[in-house]
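[1] Predicted model and sequence follow; I will ask about them next.
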Amino acid sequence: MRVDILLNKLCLLKSRNIAKNLCDRGLVIINGEPVKASSTVQADDKIEFSVYGYLTEIELTEVPQGNVSKKNSGNYYTLIKREKID
């Protein structure tokens, strides 16, 4: 699954367009390397992104198949850290 779609499906970002713009600016990092919006993600990937004044890092536990409800979105990742950017 593409990283921009994943961030939107897991309700981490408000829209796929925001996720794509973050990738274009180099603000989405998977396993230590900046990625394009079309990059694919797999289980156990560490994803880091900066948006809304916070640096968020998650570890993907499972790649969702199809749509994900907001209530169940937390089942697909583990939050490693979320810290305010100065």
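    Alright, I've got the coordinates.
[2] Average pLDDT for the longest helix along the chain, rounded please.
    For the chain, the longest helix by residue count, based on DSSP state H, is helix 16-24. In this model, helix 16-24 has an average pLDDT of 95.
[3] how about it: buried residues?
    By 16 or more other CB atoms under 10 Å, the buried positions in helix 16-24 come out as 16, 18-23. For the C-beta atoms, the positions are set from N, CA and C on the backbone; glycine is no exception.
[4] Next: stretch 36-52.
    Residues 37, 39, 41, 45, 47-51 are the ones in stretch 36-52 that count as buried (16+ other CB under 10 Å).
[5] Export those to a markdown table and append columns for distance to N75, pLDDT and secondary structure.
    Formatted as a markdown table, these follow (distance: CB to CB, whole Å; pLDDT from 0 to 100; DSSP: H, G, I helix; E, B strand; the rest coil):
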| residue | distance to N75 | pLDDT | secondary structure |
| --- | --- | --- | --- |
| A37 | 24 | 94 | coil |
| S39 | 23 | 94 | coil |
| V41 | 16 | 95 | coil |
| D45 | 16 | 95 | coil |
| I47 | 16 | 96 | strand |
| E48 | 20 | 96 | strand |
| F49 | 20 | 95 | strand |
| S50 | 24 | 93 | strand |
| V51 | 22 | 91 | strand |
